[in-house]
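Q: need coordinates for the following:
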Amino acid sequence: MAEANGNGAQTEAVPQLNVLAQYTKDLSFENPNAPRSLGPQEASPNISIQVNVNVRQLAETDYEVELVLEGSAVDGTSTLFKFDLNYAGVFRLQNIPETEIHPIIMIECPRLLFPFARQIVADAVRCGGFPPLLIDPIDFHALYRQRVTEAAPTLS
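A: Next up, the predicted model:
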């Protein structure tokens with residue numbers, strides 16, 4: 001939409017990113033060795049976390065963005081816990097240049113979803129009998145740059 005100013009000239013519409021919905025699509029928490037895994041640990045467990053972002057276009061301006069977090073804590077050869085979270089949101093992008101849509105979807109949308117997904121993981125781990133797992137902030141811009149670099153053909 002364009003708006004007219006006092007001189008009757010048209011001005012560009014303001015770019016907008018709106019969150020229409022946020023929701024947990026899937027959540028799984030496993031505590032496979034309970035109650036043994038709940039006892040005192042001799043050393044800090046090895047914690048592994050994988051992050052993925054999936055996008056699906058729903059309409060001309062609407063996109064579903066899924067933030068997928070998978071992780072586990074292992075003590076030696078014993079798994080203390082595992083989790084899988086698929087947390088998603090529906091975003092509406094309006095008046096955004098075509099060349100900027102993909103970076104916004106892959107960087108800004110997951111950045112908006114992350115604090116909520118982080119809290120869900122922390123609560124699930126705590127409810128599983130462990131101290132809450134507070135995932136460090138994720139640099140979605142660096143992940144995006146890495147994926148673009150990996151997808152680009154190499155020149156010989």
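
Q: ok, the nearest residue to H141 once chain neighbours are set aside to V53 distance?
A: Computed as CB to CB, 6 or more residues apart in numbering, the closest residue to H141 that is not its neighbour in sequence is I107, at 5.2 Å. In short, each C-beta sits where N, CA and C put it, glycine included. Separation of I107 from V53 (CB to CB, to the nearest Å): 9 Å.

Q: overlap in contacts, those two.
A: Shared contacts of I107 and V53, defined by CB atoms under 8 Å, 6 or more residues apart in numbering, are found at F140.

Q: and the helix or strand encompassing S48, what's buried?
A: For S48, the host element (DSSP states H and E) is strand 46-57. Of the residues in strand 46-57, V51, V53 count as buried by neighbour count, 16 or more other CB atoms under 10 Å.

Q: mind giving me the packing neighbours of the helix or strand that that strand is followed by?
A: Scanning forward in sequence from strand 46-57 by DSSP H and E, the next helix or strand is strand 62-75. Here strand 62-75 touches strand 46-57, strand 78-94, helix 109-127, going by 3 or more CB pairs under 8 Å, 6 or more residues apart in numbering; DSSP states H and E.

Q: so what strands line up beside the second one?
A: Translated: strand 78-94. When pairing is defined by DSSP bridges, strand 78-94 lines up against strand 16-30 (antiparallel), strand 62-75 (antiparallel).

Q: quick one: pLDDT of the residue minimising distance to the centre of the chain?
A: For the chain, the residue nearest the mean C-alpha position is L67 (3.1 Å; CA atoms, centre = their mean). Listed pLDDT for L67 reads 98.

Q: what bridges to it?
A: Here L67, judged by DSSP bridges, has bridge partners V53, Y87.

Q: I105 contacts Y63, correct?
A: Yes: applying CB atoms under 8 Å as the test, I105 and Y63 come out as touching, 5.5 Å apart.

Q: between those two, which contacts overlap?
A: Here I105 and Y63 have V55, F91, L93 as joint contacts, going by CB under 8 Å, 6+ apart.

Q: with those in mind, which one is nearest to A13?
A: Distances from A13 to those, taken as CB to CB, are shortest for L93 (12.1 Å).

Q: sounds good, over and out.
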